[in-house]
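Visitor: Show me how the following folds:
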Amino acid sequence: MLDVRRLSLLRELDRRGTIAAVAEALTFTASAVSQQLGVLEREAGVPLLERSGRRVVLTPAGRTLVTHADAVLQRLEVAVSELASAREGVGGPLRIGTFPSGGHTIVPAALAELARRHPALEPMVREIDSARVSDGLRAGELDVALVHDYDFVPATPDSTVDEIPLVDEPMYLVTSAATRATGRGETLAELLGAYADAPWITARDGTTGHAMAVRACQAAGFQPRIRHQVNDFRTVLALAATGQGAGLVPETATAQGPAGLALTELPLFRRSKVAFRAGSAGHPAIAAFVAAATAAVTAGSAAAP
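Guide: Next comes the predicted model:
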C-alpha cells in the first residue's frame with residue numbers, strides 16, 4: 001500500500017525540483033526526505049527517481065505516480081471538506097495569504113464580514129507574493145489566498161490549486177503631473193514609450209508585479225531603467241508624484257493618490273482571484289472566505305465614484 005504522506009513528498013519534489021527545497025519547505029531534513037522517498041520506491045516496486053548530475057529527477061514511472069498523487073490528495077481534500085461540513089458551525093483557524101494591495105483593500109472588509117457571520121472562525125493573514133501561493137497551499141502553510149496575474153504574466157497552470165475569479169481591473173501608468181508626457185497616443189506602446197528614457201519604479205525582483213512592468217515596457221519597445229523597487233503601491237504613488245519615476249499600479253490602488261500625481265489608464269489588466277487547494281472548495285471555512293471576499297469586492301465597486 002502506498003503511503004499518502006510519501007506521495008505528497010514525491011509531488012513536492014516534482015514541483016520544487018530538489019530534495020533540499022522539499023526539505024526546507026516542509027521543515028524536514030534532506031536525509032529524512034530522501035529516506036521517505038526511498039521507502040516509497042520500495043512500496044511502488046519500480047524506480048521513481050534517478051540521478052542527473054547533482055540533481056534527482058523523476059523517472060517516467062515517478063511522473064505517472066505524481067499524476068495519481070494529485071488525484072488522491074484532491075479526493076482527500078474533498079473528504080476533509082465534507083467532514084467539516086457535517087460539523088455544526090464554522091470555526092477554527094483559517095490561514096489566509098494575500099498580495100500587499102489586497103491586504104489593505106479586500107482583506108479588511110472580508111475579515112469584518114467573517115467576524116460578523118462566523119465569529120468562531122480565527123483568520124490569520126500572511127502577506128505573500130502570488131507566485132509563491134501554490135507552494136504555500138500544498139505545504140499546508142495556507143488554506144486560502146488572494147492571488148492575481150497580469151497581462152504579460154499569466155498564471156502558470158497548476159492542477160493542485162483551484163481558483164475563483166474576484167475582479168478584473170485596468171492598470172494605470174503613474175507619473176508626476178509636472179513630467180507627464182503630452183501627445184501620448186492610445187496604444188500601450190505609445191503610452192509607455194513616451195517614458196522610455198525616464199526612470200521607473202517597479203516591484204521587487206522575483207515578483208509578478210516586477211515581471212509585469214518589465215515585460216510591458218519590453219512590449220512597448222524598450223528596457224525600463226529601474227531606479228526604485230518597492231512592493232507597496234502606495235509608496236509607488238508617492239514616489240511617482242514627486243517625480244521619482246514612472247510606475248504601473250492597478251485601479252484599486254489609485255483611489256487616494258497624493259497631490260501632484262498624474263494617472264493614465266492603460267489597455268493592460270490585473271485579474272484577482274481566490275485560490276485554495278484543489279478539492280477544498282466545499283470546505284465551510286473556504287466557502288465563507290470566498291463569499292466574504294466577493295462581498296468586499298462588490299461593496300468596493302459600488303462605493304467607487
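Visitor: Please read off the pLDDT at Val125 from the model.
Guide: Per-residue pLDDT puts Val125 at 97.
Visitor: do the same with Met1
Guide: pLDDT at Met1 comes out at 82.
Visitor: One more: Thr182?
Guide: 68.
Visitor: Most remote residue from the middle of the chain, which is it?
Guide: Distance from the C-alpha centroid of the chain, by CA atoms, centre = their mean, peaks at Gly45 (37.3 Å).
Visitor: Find the centremost residue of this protein, please.
Guide: Ser130 (1.7 Å).
Visitor: Against Cys217, how distant is it?
Guide: The gap separating Ser130 from Cys217 is 20 Å, by CB to CB, to the nearest Å. Every residue, glycine included, has its C-beta placed from N, CA and C.
Visitor: mind checking pLDDT for the closest residue to Thr98 other than its chain neighbours?
Guide: Once flanking residues are discounted, Thr98 sits nearest to Leu146: 4.5 Å by CB to CB, 6 or more residues apart in numbering. If you check Leu146, the pLDDT there is 97.
Visitor: same deal with Ala110?
Guide: Looking at Ala110, the pLDDT reads 96.
Visitor: what residues are up against it?
Guide: Applying CB atoms under 8 Å, 6 or more residues apart in numbering to Ala110 gives the contacts Phe289, Ala292, Ala293, Ala295, Ala296.
Visitor: Next, the contact list for the second one, please.
Guide: Neighbour list for Ala292: Ala109, Ala110, Leu111, Glu113, Leu114, Arg117 [criterion: CB under 8 Å, 6+ apart].
Visitor: I'd guessed the last one sits against Phe289; true?
Guide: By that I understand Arg117. No. Arg117 is beyond contact range of Phe289, at 10.7 Å (criterion: CB atoms under 8 Å).
Visitor: In the chain, where is pLDDT below threshold?
Guide: 182-184, 300-305 (pLDDT under 70).
Visitor: For it, which segments are assigned as strands?
Guide: For the chain, strands defined by DSSP state E occupy the ranges 49-52, 55-58, 92-98, 121-127, 144-150, 161-176, 199-202, 225-229, 246-250, 261-277.
Visitor: re the thing from before, is the residue nearest to Thr98 in a bridge, and if so with what?
Guide: Val274 (DSSP bridges).
Visitor: ok, now Leu121?
Guide: Gly92.
Visitor: any idea how far it lies from Thr179?
Guide: As judged by CB to CB, Leu121 and Thr179 stand 47 Å apart.
Visitor: what packs against the helix ranked longest in the chain?
Guide: Taking DSSP state H as the assignment, the helix of the chain that covers the most residues is helix 60-86. When contacts are defined as 3 or more CB pairs under 8 Å, 6 or more residues apart in numbering; DSSP states H and E, helix 60-86 packs onto helix 4-16, helix 284-303.
Visitor: Would you convert these into a markdown table that also reports distance to Thr252?
Guide: Converted to a markdown table, the helices and strands packed on helix 60-86 look like this (distance: least, CB to CB, whole Å):
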| stretch | distance to Thr252 |
| --- | --- |
| helix 4-16 | 31 |
| helix 284-303 | 7 |
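Visitor: which residues sit in contact with Ala189?
Guide: Contacts of Ala189 by CB under 8 Å, 6+ apart are Ala219, Ala220, Gly221.
Visitor: Distance-wise, check the second one relative to Ala120.
Guide: In this view, Ala220 and Ala120 are 51 Å apart by CB to CB.
Visitor: Look at these two and report which has more neighbours.
Guide: Ala220 (18 against 8; other CB atoms under 10 Å).
Visitor: Tell me how far that one lies from Ala189.
Guide: Note on Ala220: its distance to Ala189, by CB to CB, is 4 Å.
Visitor: Leaving out the residues flanking it, which one is nearest to Val66?
Guide: Nearest to Val66 is Asp14, by CB to CB, 6+ apart, at 4.7 Å.
Visitor: Quote the end-to-end distance of stretch 126-137.
Guide: Start-to-end span of stretch 126-137 (CA to CA, to the nearest Å) is 12 Å.
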